[in-house]
Each structure stands twice: as C-alpha cells, then as structure tokens.
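[1] Sequence and predicted model, in that order:
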Amino acid sequence: MGRGEGRGRSGPGRRRPLDHGALRLLMLKLIAETPRHGYELIREIETRTGGAYVPSPGVIYPALEALLDLGWVRAEADGSRRSFHMTEAGEAELAAEGETLERIEARLADLLDSNRPEDPQDVRGAMWRLRHAVREAVRANPDDPDLRKALADILAEAQERITKLDES
C-alpha cells in the first residue's frame, strides 16, 4: 500500500466514517479539551476509534481552515507549527450542537467496538491488530535495526505459515 492509501476511510471505495461537518464538530470538541496541532488531532481521532479511522492531513487541514474561517478556533504559532485554540464562538457552536456531538461520539464508540477482539477467528480484526502492533513497535523505536529485522522475521514466518494452510 502506498503512502496514504486507504487512510481516512473505512476501507477501499467506502465513504469516511464521519462526514465533513461531523469531523469539524469532533475536531472542535477535541480543541475545546486542549489546544492541539493538526497532527495531534489525527492521532487523537485514531486513538478514539482504536485505529479504525485515521483521517488524512488532506482532510484535517482543510477542516481546520474551515474552523478558522467560521471563527470557531484561532491559530497561534508554536515553533514551526500552529496550535489551534477554542474561541467563544466555537464554545457557542459546541453548546448548540450537543445532540449532534453525542451521535458523533456514539459513532466513534461503534468504530472502536468494531475492532475489539471478541471473535478471535475474525481475520479482518486480527489483521488490523497485527498492523497496529507493528506500527506501534516501529514508532516506539524507529531507528532500531534489530527491532525492524525481528519484526520482518516474524511477519515472514507468519506469511509462510499462512501459505502452508493453503497447501493442506
């Protein structure tokens, strides 16, 4: 898979789990909790969906610009990045959209639940959990060649074992 392919979607050819309006409202809620950078918003949404939805920068940054244009957030320089902070207008919008926000949070909970390992024979869930574990291991130690080799060896062994299942 190329860089960014399949990200921000629930699967190939499927629509995003959150439409643009819902995503903007969720981002507004997250910024109300604490000022955040765009990348932090991506990671927080990924965390709150258990990795089931990872919005791309191509979705997040235009949504942030829309929030700025609406006057719901303001940006402050933070080194080479901008951090986004809530405005009074943004707080009023959140208060007015409480029911909608509850539905959005329920949708996030559904996405999170859809990736829990209740059914150990669910191949899609197992693949997601494997991908997530590999990604987290590499992120924790990105410059460790021994870790990368160990991960590659484990994945190669898994591939061999899966291939042998077809031969049985």
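    On my side now, so go ahead.
[2] which stretches of the protein form strands?
    Counting by DSSP state E, the chain has strands at residues 73-78, 81-86.
[3] need these in a markdown table with mean pLDDT, mean neighbour count and distance to Glu136, can you?
    In short, each C-beta sits where N, CA and C put it, glycine included. Listed next are the strands of the chain as a markdown table, based on pLDDT from 0 to 100; neighbours: other Cβ atoms under 10 Å; distance: least, Cβ to Cβ, whole Å:
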| stretch | mean pLDDT | mean neighbour count | distance to Glu136 |
| --- | --- | --- | --- |
| strand 73-78 | 92 | 14 | 26 |
| strand 81-86 | 94 | 18 | 23 |
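[4] Out of those, the one nearest Glu44 is which?
    Closest of the strands of the chain to Glu44 is strand 81-86, at 12.2 Å (criterion: Cβ to Cβ).
[5] now the helices for this structure?
    20-33, 38-48, 57-70, 88-96, 98-113, 123-140, 145-167 (DSSP state H).
[6] Next, the buried residues of the third one.
    For helix 57-70, the neighbour count (16 or more other Cβ atoms under 10 Å) marks Val59, Ile60, Tyr61, Ala63, Leu64, Ala66, Leu67 as buried.
[7] Show me what that helix is packed up against.
    Other elements packing on helix 57-70 under the criterion 3 or more Cβ pairs under 8 Å, 6 or more residues apart in numbering; DSSP states H and E are helix 20-33, helix 38-48, strand 73-78, strand 81-86, helix 88-96.
[8] Could you list the single helix or strand in this structure with the lowest mean pLDDT?
    Sorted by mean pLDDT, DSSP states H and E, the helices and strands of the chain end with helix 123-140, the least confident at a mean of 73.
[9] Please parse this protein into its domains.
    20-113, 123-167 (automatic domain parsing).
[10] The strands of the chain: which one's closest to Asn141?
    It is, among those and with distance given as Cβ to Cβ, strand 81-86, at 24.1 Å.
[11] returning to that earlier point: redo the strands of the chain as TSV? Include distance to Arg131.
    Formatted as TSV, the strands of the chain follow (distance: least, Cβ to Cβ, whole Å):
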stretch	distance to Arg131
strand 73-78	31
strand 81-86	27
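[12] now for these, which one comes closest to Gly51?
    Across the strands of the chain, closest to Gly51 is strand 81-86 (Cβ to Cβ), at 23.1 Å.
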